[in-house]
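Asker: Model the structure of this input:
(chains A and B)
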Amino acid sequence: MRITVVIPAFNEAARLGETVRAIFALGHGYDVVVVDDGSEDGTSDAALFSGATVLRHAVNRGQGAALQTGTEWALAHDADAIVHFDADGQFDAADIPRACVLLEERGVDVVLGSRLRLNVPATKRYLLLPVARIVNWAFTGVWLTDAHNGFRVFSRRAAEQIVIRHDRMAHNTDIVAQIRERGLSFAEMPVAVHYDRYGQGVGGGVKIVADLLVGWFL
Amino acid sequence: MHIIQIVLLLFVAFAILKTAGRAVRRDITRAQLVFWCLVWLAIAAAALFPQWTVVVANRLGVGRGSDLVLYVAVALLLYVVFRLTVRMERIDRAMTKVVRKQALDNLDKKE
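Answerer: The predicted structure is shown next:
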């Protein structure tokens, strides 16, 4: 099985190398494509140096846009499974093979990562995440244990059917909505997340909801 | 005639001229021309005959003519802002398509 890991990256030159190397250290059968989303700190060089394939957006378009670009490349290059993975080292590379095994064993189309562990910052765990889960349910009709997790694995069939239309951060919700619309099967899997940055706060959440609403009218 | 009325009428004259110019240069559609001219004329009517706003307002159950003008103005502005937001998102997505194509083509050339 050819597994392609898509890593969207915006100004992650400092951490990207380690992230990519950790994936190649897993063994054979992994392709890594980094989508440099208009970085200005040498992210592309760091990615090339670590041995990844590099696609470069001339200007910054957003995480969703970068993921779609990488996914299209992966599909055009015989990927059997496509992984979405963060550039900054917050995810654990070991979760990739675990998720691919789960994908095959359960025969699902998508594996969605979930932060069930205790190392989520308190305000996120007890305030933001519950609200985010409710918002996610309101927009998708799907009740997940996590609402905004960047770790995903798609089977080829699922990746061919799902199109990431939101350029910035609303794709996390939109992908779930599309999974439901197209009747794809999915499973959630606990993933380790190492927090050294907070991620999306309330402001981020508000922008995501606004993007989702505007998306209805397009 | 009050100063504000004169100012408003001058503004409406200027706005209609500008709008007509845009229409001649095909920068706006015929529908947009009609829409905005109606808006400018409504402002002119309210400026020339402010007592009409009171009559219309009372008919609608609003206390003051100027209140009604403000309600209508706010509703109109919100609608315009909404349309602009949607339009901007369309442009954003079109840009992304171009940037994506360039990124994929550039790599293909190297491979």
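Asker: in chain B, which helix or strand is least confident?
Answerer: Of all helical and strand segments in chain B, the minimum by mean pLDDT, DSSP states H and E falls on helix B:50-60, at a mean of 87.
Asker: C-terminal to that helix, what's the next element?
Answerer: Counting by DSSP states H and E, the next helix or strand C-terminal to helix B:50-60 is helix B:65-110.
Asker: What helices and strands are in contact with that next one?
Answerer: Contact partners of helix B:65-110 among helices and strands, from 3 or more C-beta pairs under 8 Å, 6 or more residues apart in numbering or on different chains; DSSP states H and E: strand A:53-57, helix A:63-76, helix A:202-216, helix B:30-48, helix B:50-60. All C-beta spots, glycine's among them, are computed from the backbone N, C-alpha and C.
Asker: mind running it again at 10 Å?
Answerer: For helix B:65-110, the elements it packs on are strand A:30-37, strand A:53-57, helix A:63-76, helix A:202-216, helix B:30-48, helix B:50-60, judged by 3 or more C-beta pairs under 10 Å, 6 or more residues apart in numbering or on different chains; DSSP states H and E.
Asker: Contacts for the least confident helix or strand of chain B, please.
Answerer: B:2, B:4-5, B:45-47, B:49, B:62-69, B:71-72 (C-beta atoms under 10 Å, 6 or more residues apart in numbering or on different chains).
Asker: Turn the buried ones among those into a named PyMOL selection, would you?
Answerer: To isolate the buried members of those in PyMOL, using 16 or more other C-beta atoms under 10 Å in any protein chain shown:
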select buried, chain B and resi 46+47+62+65+68+69+72
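Asker: From the chain's centroid, how far away is the worst-scoring helix or strand of chain A on mean pLDDT?
Answerer: Lowest on mean pLDDT, DSSP H and E among the helices and strands of chain A sits helix A:122-123, with a mean of 80. Centre-to-centre, helix A:122-123 and its host chain are 22 Å apart (C-alpha atoms, centre = their mean, to the nearest Å).
Asker: relative orientation of the helix or strand immediately after it in the chain and helix A:202-216 in degrees?
Answerer: Using DSSP H and E, the helix or strand that follows helix A:122-123 towards the C-terminus is helix A:129-140. Here helix A:129-140 runs at 0 degrees with respect to helix A:202-216, directions being taken by axes from the mean of the first three to the mean of the last three C-alpha atoms, to 10 degrees.
Asker: Which residues of chain A lie near chain B?
Answerer: A:33, A:35-38, A:53-62, A:64-66, A:68-70, A:72-73, A:76-77, A:165-168, A:210-211, A:213-218 (C-beta under 10 Å from any C-beta of the partner chain).
Asker: List the contacts of the most centrally placed residue in chain B.
Answerer: Geometric centre of chain B, nearest residue: residue B:80, 5.6 Å, by C-alpha atoms, centre = their mean. The neighbours of residue B:80, taking C-beta under 10 Å, 6+ apart as the test, are residue B:39.
Asker: secondary structure class for residue A:7?
Answerer: strand (DSSP: H, G, I helix; E, B strand; the rest coil).
Asker: what about it, how many neighbours?
Answerer: 28 (other C-beta atoms under 10 Å in any protein chain shown).
Asker: measure it to residue A:34 for me?
Answerer: Distance of residue A:7 to residue A:34, computed by C-beta to C-beta, to the nearest Å: 5 Å.
Asker: okay, and the common contacts of those two?
Answerer: A:16, A:19-20, A:47, A:52, A:54, A:66, A:70, A:85, A:87.
Asker: Neighbour count added to those, as CSV?
Answerer: Output for these, formatted as CSV (neighbours: other C-beta atoms under 10 Å in any protein chain shown):
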residue, neighbour count
A:16, 28
A:19, 26
A:20, 26
A:47, 29
A:52, 26
A:54, 23
A:66, 31
A:70, 30
A:85, 27
A:87, 28
